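# Have a look; sequence and predicted model below, questions after that.
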Amino acid sequence: MTDRLTFDLQATCGDARAGVVHTDHGDIQTPIFMPVGTAGTVKAVHQHELVNDIEAQIILGNTYHLYLRPGCDILRQAGGLHKFNGWQRPILTDSGGFQVFSLAANRKLKEEGCTFRSHVDGSKHLFTPENVMDIQRAIGADIMMAFDECAPGDSDHRYAEKAMGLTHRWLDRCIERFRTTEPLYGHHQALFPIVQGCQYEDLRRQSAEYIASKDPEGCAIGGLAVGEPTEVMYRMIEVVNAILPTDRPRYLMGVGTPQNLLEAIERGVDMFDCVMPTRNGRNGMLFTAEGTINIKNKKWENDFTPIYLDYTLAYLHHLIKAEEILGLQICSIINLKFYLWLVSEARKHILTGDYGTWKASMVEKMGRRL
């Protein structure tokens, strides 16, 4: 078991970075997109497809959902999520903070933590910085997230500052619990703090400075892509990344569209996750290198161009219109393959030094509706 997650920065092109994150479950080449496996599975996608077809290097699990189902006892008995779901590459878990704080009508926030009612059966629970660390220990994630308050994107400055202060105090408690407990399954677990501060530059700077002072193994940027204009999001990324350490991976949480990924990579982000490729796929929206396709549209009804393996656009149109499960699976795979291809191509162009030119052409293509 290694003592610390490490990051090798291999090349830069402007602020865009190409590197490698080293974990006990394998290396992660960055920039990277992480498919979201909320409840221990990426919806409609088999593990062997993630490995052999999509070529995912790391997936994300959700602490809130895994805590409720199947629960920490089952995960401990299984030997952690890696053994429970058969995924032998790295896993990142979020803290559950975003899910808890989205339950506005069913949660109560206080200094100790956050009480909430389960969306499954209405039972009452308490998340604290300490037990969120314990839950993620039980899950066995390679990368654990600190418990934070994800304030609404339209919060006023006073509330955003209050939420940031609570996030920092909770971080100190997370770090203490993390340092006084051990991994359960024989592999190292890293802890990433989360920068908050909504859309206020002064708060984002304060938060980034506070996070950087903790000598983290990696850093996360939270509370963006929650309704603010994209220009504001990009500006906050620039503000934060000017402060965060350059020798640690930077993870932008919950983002986003292909254009968002490319713009954030240009501003120095290394890691991403988002439900968009699978959720949009299940609704018939396909991302391709030439633009987006709404496979439900009649124009694809008799288009026999192959889109994935031997499956044609016409056949996929039929499956989605007929609400066949296979259609959801194919669309999810197509979109995840595209996202992983996109970040892989971004990496290649960072290494060759022409990222900006390539990115500009791709952003234009991504805006097309086919």
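It's in.
# drop to CA atoms for contacts and neighbour counts, all remaining ones
Noted.
# so residue 287, which of the three states?
Three-state call for residue 287 (DSSP: H, G, I helix; E, B strand; the rest coil): strand.
# quick one, what contacts it?
Under the criterion of CA atoms under 8 Å, 6 or more residues apart in numbering, the neighbours of residue 287 are 277, 293, 334-335, 338.
# so where's this protein shaky on pLDDT?
In the predicted model, the chain carries pLDDT under 70 at residues 101-105.
# Please parse it into its domains.
The chain breaks down by automatic domain parsing into domains covering 18-274, 284-370.
# Please convert those domains to JSON lines, extending it with distance to residue 6.
Formatted as JSON lines, the domains of the chain follow (distance: least, CA to CA, whole Å):
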{"stretch": "domain 18-274", "distance to residue 6": "5"}
{"stretch": "domain 284-370", "distance to residue 6": "19"}
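# Of the contacts of residue 287, which belong to strands?
Mapping the contacts of residue 287 onto strands (DSSP state E) picks out residue 293.
# Just say which of the domains of the chain is most tucked in.
Greatest average neighbour count among the domains of the chain goes to domain 18-274 (a mean of 20), per mean count of other CA atoms under 10 Å.
# Now the residue located most distally from the centre of the chain: which helix or strand?
Here the chain has its C-alpha centre computed as a mean, and the residue farthest from that point, by CA atoms, centre = their mean, is residue 302 with 36.6 Å. For residue 302, there is no helix or strand it lies in under DSSP states H and E.
# Kindly indicate which of the contacts of residue 287 lies nearest residue 95.
Checking the contacts of residue 287 against residue 95 with CA to CA, the nearest one is residue 277 at 21.8 Å.
# Identify the residues contacting that closest one.
Under the criterion of CA under 8 Å, 6+ apart, the neighbours of residue 277 are 286-287, 332, 335-336, 339.
# switch the cut-off to 10 Å
Contact criterion CA atoms under 10 Å, 6 or more residues apart in numbering gives 35-36, 256-258, 285-287, 331-339 as the residues in contact with residue 277.
# and if you look at residue 276?
Residues counted as contacts of residue 276 (CA under 10 Å, 6+ apart) are 35-36, 254-258, 282, 285, 332, 335-336.
# quick one: which of those residues sit in strands?
residue 285.
# Among the contacts of residue 276, name the ones in helices.
Within the contacts of residue 276, residues falling in helices by DSSP state H are 258, 282, 332, 335-336.
# Now for those: which two are most distant?
For these, the maximum inter-member distance is 17.1 Å, found between 258 and 282 (CA to CA).
# ends of stretch 30-37, how far apart?
The straight-line separation of the ends of stretch 30-37 (CA to CA, to the nearest Å) is 19 Å.
# Next: stretch 270-284.
From the first residue to the last, stretch 270-284 extends over 28 Å; the measure is CA to CA.
# Residue 60 and residue 275, how far apart?
Counting by CA to CA, the gap between residue 60 and residue 275 amounts to 10 Å.
# Go through the domains of the chain and name the closest to residue 7.
Go through the domains of the chain one by one with CA to CA and the one that ends up closest to residue 7 is domain 18-274, at 4.5 Å.
# on that earlier part again, return every residue with contacts to both of residue 60 and residue 275.
Each of 34-38, 42 lies in contact with both residue 60 and residue 275 under the rule CA under 10 Å, 6+ apart.
# Farthest pair within those?
For the shared contacts of residue 60 and residue 275, the farthest-apart pair by CA to CA is 34 and 38; their separation is 11.5 Å.
# where does residue 365 fall, helix, sheet strand or coil?
Strictly by three-state DSSP, residue 365 counts as helix.
# Distance check, it against residue 161.
In terms of CA to CA, residue 365 sits 39 Å off from residue 161.
# go on, residue 134?
Taken as CA to CA, the spacing of residue 134 relative to residue 161 amounts to 27 Å.
# thought residue 68 was touching residue 126?
No. Contact between residue 68 and residue 126 fails when scored by CA atoms under 10 Å: they sit 11.8 Å apart.
# could you point out which element follows the helix or strand harbouring residue 204?
In this structure, residue 204 is located in helix 201-212 according to DSSP H and E. Per DSSP H and E, helix 201-212 leads on to strand 219-221 as the next helix or strand towards the C-terminus.
# quick one: terminal-to-terminal distance for stretch 70-81?
Start and end residues of stretch 70-81 are separated by 10 Å (CA to CA).
# Sounds good, over and out.
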